[in-house]
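Q: Predicted coordinates and the sequence they were generated for:
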Amino acid sequence: SAVISQKPSRDICQRGTSLTIQCQVDSQVTMMFWYRQQPGQSLTLIATANQGSEATYESGFVIDKFPISRPNLTFSTLTVSNMSPEDSSIYLCSVTQGSGAQYFGPGTRLLVL
Amino acid sequence: QKEVEQDPGPLSVPEGAIVSLNCTYSNSAFQYFMWYRQYSRKGPELLMYTYSSGNKEDGRFTAQVDKSSKYISLFIRDSQPSDSATYLCAMSGDIQGAQKLVFGQGTRLTINP
């Protein structure tokens, strides 16, 4: 399976600021996704990161709040904009390869004060 | 009603016991079923990946899917303290499309030595 890394692994931010999270994969992958896991909760899909085009967002998530880039087949970024304490979560990227199985990165733990 | 229901536990069993974890779902379009293990402060790790109904075994782990009942299970034999983690079921309906995963709430499992 692909090896996925995320940066930063954790951060503490002030409300009103923005944070960009990077996801790097060691091989080319078919699909890349971004999920949010709020404290004590399960995972919720934010968007599908499309290579070379705008991301596809799920209901309740918008591009202005969570802009996503995917410039190539191994890299994507998620920005959490104008943060509030409600954005405190773990943000996870995931990838799929040929088999369709989906693998997750280690996550970025975000605390907004 | 949630698309995927999973008892959050917590579930505590003695070492060596057989553990049974379950999820039910309502969307008959789901065809791909996954079980993830998530240790504290880590990303989800893919344990089992199955398609349609039937059983799949991998070492001490067995995944069962009963599409007629919309019910999936994960069995852990000879449970070990290292199996203590949160177990998440996830499912998807379209391998060719975005393969959006819908997660259960997760079951927190503790194996007592």
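A: That came through fine.
Q: drop to CA atoms for contacts and neighbour counts, all remaining ones
A: Noted.
Q: Who are the contact partners of residue 81?
A: Reading this off chain A. By Cα atoms under 8 Å, 6 or more residues apart in numbering or on different chains, A:S81 lies in contact with A:G16, A:T17, A:S18, A:L19, A:D64, A:K65, A:F66, A:P67.
Q: Chain B, not that one
A: B:E15, B:T110, B:I111, B:N112, B:P113.
Q: Export the residues you listed to a markdown table and append columns for distance to chain A.
A: Formatted as a markdown table, the contacts of B:P81 follow (distance: Cα to the nearest Cα, whole Å):
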| residue | distance to chain A |
| --- | --- |
| B:E15 | 25 |
| B:T110 | 16 |
| B:I111 | 20 |
| B:N112 | 22 |
| B:P113 | 25 |
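Q: Spatially central residue in chain A, please.
A: Against the mean C-alpha coordinate of chain A, by Cα atoms, centre = their mean, the closest residue is A:W34 at 3.5 Å.
Q: Which residue does chain A have closest to chain B?
A: Per Cα to the nearest Cα, A:P106 is where chain A lies closest to chain B, at 4.2 Å.
Q: wouldn't that residue be in contact with B:K42 here?
A: Yes. Contact criterion Cα atoms under 8 Å: A:P106 and B:K42 qualify, at 5.5 Å.
Q: between these two, which one's more packed in?
A: A:P106 (23 against 16; other Cα atoms under 10 Å in any protein chain shown).
Q: Can you pull the phi and psi angles for A:S9?
A: Here is the backbone geometry of A:S9 (degrees, to the nearest 10): phi -80, psi -30.
Q: For it, which non-adjacent residue is spatially closest?
A: In space, A:S9 comes closest to A:T108 once its chain neighbours are excluded; the distance is 4.5 Å by Cα to Cα, 6 or more residues apart in numbering or on different chains.
Q: what's near enough to touch that neighbour?
A: Counting by Cα under 8 Å, 6+ apart, A:T108 touches A:Q6, A:K7, A:P8, A:S9, A:R10, A:D11, A:I21, A:I90, A:Y91, A:L92.
Q: Quickly list what it is bridged to.
A: A:Y91 (DSSP bridges).
Q: A:F33 is in contact with A:T44, correct?
A: No. With contact defined as Cα under 8 Å, A:T44 does not reach A:F33; the gap is 10.6 Å.
Q: More neighbours: which of those two?
A: Per other Cα under 10 Å, whichever of A:T44 and A:F33 has more neighbours is A:F33, with 28 against 18.
Q: if you skip the residues just before and after it, what's nearest to the more buried one?
A: Excluding the flanking residues, the one nearest A:F33 by Cα to Cα, 6+ apart is A:T48, at 4.5 Å.
Q: Count the neighbours of the one you found for me.
A: A:T48 has 24 neighbouring residues, counting by other Cα under 10 Å.
Q: residues touching it, list them.
A: A:T48 sits in contact with A:M31, A:M32, A:F33, A:W34, A:A55, A:T56, A:Y57, B:A98, where contact means Cα under 8 Å, 6+ apart.
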